[in-house]
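# Pasting a predicted model and its sequence here:
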Amino acid sequence: MKVATWNVNSIRLRIESVIDWLEKTGTDVLCVQETKVEDGNFPLEPFTSAGYNVEFFGQKSYNGVAIISKHDITDVQKGFHDDDDEQPKRLIAANVNRVRIVNTYIPNGTELGTDKFTFKLDWLQRLRHMFDSDCNLNSKVLLCGDFNVAMDENDVWSVPAWTGKLHFTLTERAAMHYVKQWGFADVYRQQNGDKKEFSWWNYREGSWQKDQGLRIDHIWVSPSLAEKCSACWIDRDPRGGDKPSDHTPVVAEFAI
């Protein structure tokens, strides 16, 4: 089974690119973030016509997540169990082919020390607690999405340029590591070692052309699923296309 994560930065703007990519790559399950559309306006029909099942959880202009799958999608969870209607739409979870998939758009955080930065740290605590209460370490669990955190020095194009900055602070990395300590393996690192490669490039300053990016889009899995992973890679091609998202897909393949 081939699973991918992609912050598409507006599903309606890039729907043709997403469907073309799905067909070209033969991806079984695509988790998308920043759909930027309320549920009543989600462009469902093009996906169903192409043979995909879709579950989505979104809001206008910002946030929004969805799972697009060739397989049945069951036991869907939208947001944390104790969320109210005012909470940002950042998490959707479901069972696909006997794998519990959790798709997240982890808060950006804005500037350090702000309420939004504190919200990001609190959100990550809640994410870890969800796995503690809802998931069995011995089962097949996959966490993916735009984490808005570069976990180590090989995930940033320049350590001096990013040290102490949002996405690469010690505080954010520690909070994300706490989530990882639930028992997750980063399958990109498992398959590629210390390779320096990125999944996001700023639209400004020629970042894409200079390859000055960050690896902030991740696929993490439980031990039993890590054993089944045969490959994991970053597909750079969509980022170089016409009117691209600032992110590009991360893909993992599992022998299940």
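Yes, it's here.

# what's the burial count for the nearest residue to residue 65 once chain neighbours are set aside?
Nearest residue to residue 65, sequence neighbours excluded (C-beta to C-beta, 6 or more residues apart in numbering): residue 92, at 4.6 Å. Just so you know, the C-beta spots here come from the backbone N, C-alpha and C atoms, and that holds for glycine as well. When neighbours are counted by other C-beta atoms under 10 Å, residue 92 registers 27.

# helix, strand or coil for residue 92?
strand (DSSP: H, G, I helix; E, B strand; the rest coil).

# what sits opposite it in the beta ladder?
Beta-bridge pairing of residue 92 under DSSP bridges involves residue 78, residue 103.

# Distance of it relative to residue 198?
25 Å (C-beta to C-beta, to the nearest Å).

# Quickly find the element holding the residue sitting nearest the centre point of the chain.
Note on the chain: the residue nearest the mean C-alpha position is residue 145, at 0.9 Å, using C-alpha atoms, centre = their mean. Per DSSP states H and E: residue 145 is located in strand 141-146.

# Check which element follows that strand along the chain.
The helix or strand immediately downstream of strand 141-146 is helix 159-162, counting by DSSP H and E.

# Surely the residue nearest to residue 65 is in contact with residue 69?
No: shown here, residue 92 and residue 69 do not form a contact pair, counting by C-beta atoms under 8 Å, at 11.7 Å.

# Tell me the spacing between residue 205 and residue 212.
Using C-beta to C-beta, residue 205 is found at 7 Å from residue 212.

# do the same with residue 142
For residue 142, the distance to residue 212 - C-beta to C-beta - is 29 Å.

# next one: residue 63
Separation of residue 63 from residue 212 (C-beta to C-beta): 26 Å.

# what about these two, which has more around it?
Legend: neighbour count by other C-beta under 10 Å for residue 63 and residue 212, higher for residue 63 (20 against 17).

# Hmm, residue 105 and that one touching each other?
Yes: if you go by C-beta under 8 Å, residue 63 and residue 105 touch, sitting 6.1 Å apart.

# Could you check the pLDDT of residue 206?
As predicted, residue 206 sits at a pLDDT of 95.

# Check residue 85 too.
In this prediction, residue 85 carries a pLDDT score of 81.

# Run a quick neighbour tally on it.
5.

# give the contact list for residue 43.
11, 12, 15, 37 (C-beta atoms under 8 Å, 6 or more residues apart in numbering).

# Which of the residues you listed fall in strands?
Among these, no member falls in strands (DSSP state E).

# Looking at those, which are in helices?
residue 15 (DSSP state H).

# out of the contacts of residue 43, who's nearest residue 180?
residue 11 (28.1 Å; C-beta to C-beta).

# pretty sure the closest one is touching residue 39, no?
No: with contacts counted by C-beta under 8 Å, residue 11 stays clear of residue 39, the gap being 11.6 Å.

# Between the two, point out the one with more neighbours.
Using other C-beta under 10 Å, the more surrounded residue of residue 11 and residue 39 is residue 11, with 24 against 15.

# Kindly list the main-chain dihedrals of the more buried one?
The phi/psi pair for residue 11 (degrees, to the nearest 10) reads phi -70, psi -30.
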